[in-house]
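Colleague: no FASTA, just this:
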C-alpha cells in the first residue's frame, strides 16, 4: 500500500480517524465507569441470583469492547476506501 496522497486529503483522513477514535474511547470509558458509578442502582436488579452490576462488569464490558473493535474496523475500512487507501483484498 504505497498510495501517495496530498496534504489536504491526509488532513481530512486524520480528522475523521481522530474523531472516531475519540468517540470509541468515550464510549469505552462510559461502559467501564458507568457500572461503577451506578452500582447501587444496578444492584437492586438481580438476574439468576447475581446483581446486574456483576453481569455488566463481567460480561457486558467485554461484549461492548468487542462491539467497539468491530465497529472501528468496519468504519476504518470504509474510510480507507473513501480516501483510496484500502489494502489489496486477498
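Modeller: Yes, it's here. Remember, predicted model here, so these are calculated numbers, not experimental data.
Colleague: show me what contacts residue 72?
Modeller: Applying Cβ atoms under 8 Å, 6 or more residues apart in numbering, we find residue 72 in contact with 20-21, 24. Just so you know, the C-beta spots here come from the backbone N, C-alpha and C atoms, and that holds for glycine as well.
Colleague: for residue 54, that is, sorry about that
Modeller: With Cβ under 8 Å, 6+ apart as the criterion, no residue contacts residue 54.
Colleague: make it 10 Å
Modeller: By Cβ atoms under 10 Å, 6 or more residues apart in numbering, the residues touching residue 54 are 35, 39, 42-43, 46-48, 60.
Colleague: now it: how far from residue 60?
Modeller: 10 Å (Cβ to Cβ, to the nearest Å).
Colleague: and for the two, which residues touch both?
Modeller: What both residue 54 and residue 60 touch, as defined by Cβ under 10 Å, 6+ apart, is the set residue 35.
Colleague: list the contacts for residue 83?
Modeller: Counting by Cβ under 10 Å, 6+ apart, residue 83 touches 3, 5, 9-10, 12-13, 16-17.
Colleague: of all those, which two lie farthest apart?
Modeller: 3 and 16 (16.3 Å; Cβ to Cβ).
Colleague: out of those two, which sits in the busier spot?
Modeller: Of the pair residue 3 and residue 16, residue 16 is the one with more neighbours under other Cβ atoms under 10 Å, namely 16 against 11.
Colleague: is it true that that one touches residue 22?
Modeller: No: with contact defined as Cβ atoms under 10 Å, residue 16 does not reach residue 22; the gap is 11.0 Å.
Colleague: Moving C-terminal from the longest helix belonging to the chain, which element do we reach first?
Modeller: Looking across the chain with DSSP state H, the single longest helix is helix 7-37. Of the helices and strands lying after helix 7-37 in sequence (DSSP states H and E), the nearest is helix 39-42.
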